[in-house]
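Colleague: heads up, no residue letters with this:
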């Protein structure tokens, strides 16, 4: 069974601080996605990483896929209150194609 | 971008009744649809995977007779919660993939409350 361990699960920081969310697994994924979810809504795709070692940037968000395609990280620079939400990593199973989610990271950015 | 529409966004039903939730891909053909359940402040738990025209594959511990999934066309999948009970109250979310897309896109979710 493919599992994704996401950490930390809860994070409360002040506006302007930096943070990193980690997503780790013992399994290899063909691709890994990061989503952001607001309360009462479905997750919205932020980025997909496919190649080992890949780094993608989305404004103040930097996503990295591990060389072995088993782990990923999301780094937010100078967090803002608008970044508050639930961040989810999800890996696509290489054999099944199923999207397996990590536990999620609830981020609160205080003004 | 790929749009997935889920309906209804919320529903309240009496215990013992059945509720149907629809998931539509609006601008692409969804060869695969996924149904998830989410409890407050928790991540998404995959319930089942459905491929158009074939039976859904349920995850371990998910009752297939209670959560009926139909994926009769490339743009529509339905989840029917049969004989609903208060413990079935949850946020149900569908996602769809297909049309050459590598990612799955999510519907808005359905808040089910069983009273």
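Modeller: Looks like it arrived, so ask away. Predicted, not measured: the structure shown is a model, and the values here were computed from it. Numbering: from 1, shown residues only, chains lettered A, B, ... in the order given.
Colleague: can you pull out the helices in chain A?
Modeller: In chain A, no helices are found when defined by DSSP state H.
Colleague: lowest-confidence helix or strand of it?
Modeller: strand A:99-101 (a mean of 85; mean pLDDT, DSSP states H and E).
Colleague: would you mind listing what in chain B touches chain A?
Modeller: Contact residues, chain B versus chain A (C-beta under 8 Å from any C-beta of the partner chain): B:4, B:6, B:32, B:34, B:36, B:41-46, B:49, B:91, B:93, B:95, B:97, B:102-109, B:111. In short, each C-beta sits where N, CA and C put it, glycine included.
Colleague: if we can go back for a sec, distance from the chain centre to the least confident helix or strand of chain A, please.
Modeller: 12 Å (C-alpha atoms, centre = their mean, to the nearest Å).
Colleague: give me the buried stretch members for that strand, please.
Modeller: Buried positions in strand A:99-101, judged by neighbour count with 16 or more other C-beta atoms under 10 Å in any protein chain shown: A:99, A:100, A:101.
Colleague: near chain B, which of the residues you listed show up?
Modeller: Among the buried residues of strand A:99-101, proximity to chain B is found for A:99, A:100, A:101 (C-beta under 8 Å from any C-beta).
Colleague: wouldn't residue A:28 be in contact with residue A:70 here?
Modeller: Yes - between residue A:28 and residue A:70 a contact is recorded at 5.7 Å, counting by C-beta atoms under 8 Å.
Colleague: pretty sure residue B:15 sits against residue B:115.
Modeller: Yes - the pair residue B:15 and residue B:115 passes the contact test of C-beta under 8 Å, sitting 6.8 Å apart.
Colleague: quick check: neighbours shared by these two?
Modeller: residue B:86 (C-beta atoms under 8 Å, 6 or more residues apart in numbering or on different chains).
Colleague: the more surrounded of these two?
Modeller: residue B:15 (12 against 9; other C-beta atoms under 10 Å in any protein chain shown).
Colleague: the more buried one and chain A, how far apart?
Modeller: Separation of residue B:15 from chain A (C-beta to the nearest C-beta, to the nearest Å) stands at 23 Å.
Colleague: what about the closest residue to residue A:9 other than its chain neighbours, how many residues nearby?
Modeller: Once flanking residues are discounted, residue A:9 sits nearest to residue A:103: 5.7 Å by C-beta to C-beta, 6 or more residues apart in numbering or on different chains. By the criterion of other C-beta under 10 Å, residue A:103 has 18 neighbours.
Colleague: residue A:63 too?
Modeller: 23.
Colleague: who's it bridged to?
Modeller: Beta-bridge partners for residue A:63, by DSSP bridges, are residue A:56, residue A:74.
Colleague: wait, it sits on residue A:35?
Modeller: No - Residue A:63 is beyond contact range of residue A:35, at 11.5 Å (criterion: C-beta under 8 Å).
Colleague: and for those two, which residues touch both?
Modeller: Joint contacts of residue A:63 and residue A:35 (C-beta under 8 Å, 6+ apart) are residue A:46.
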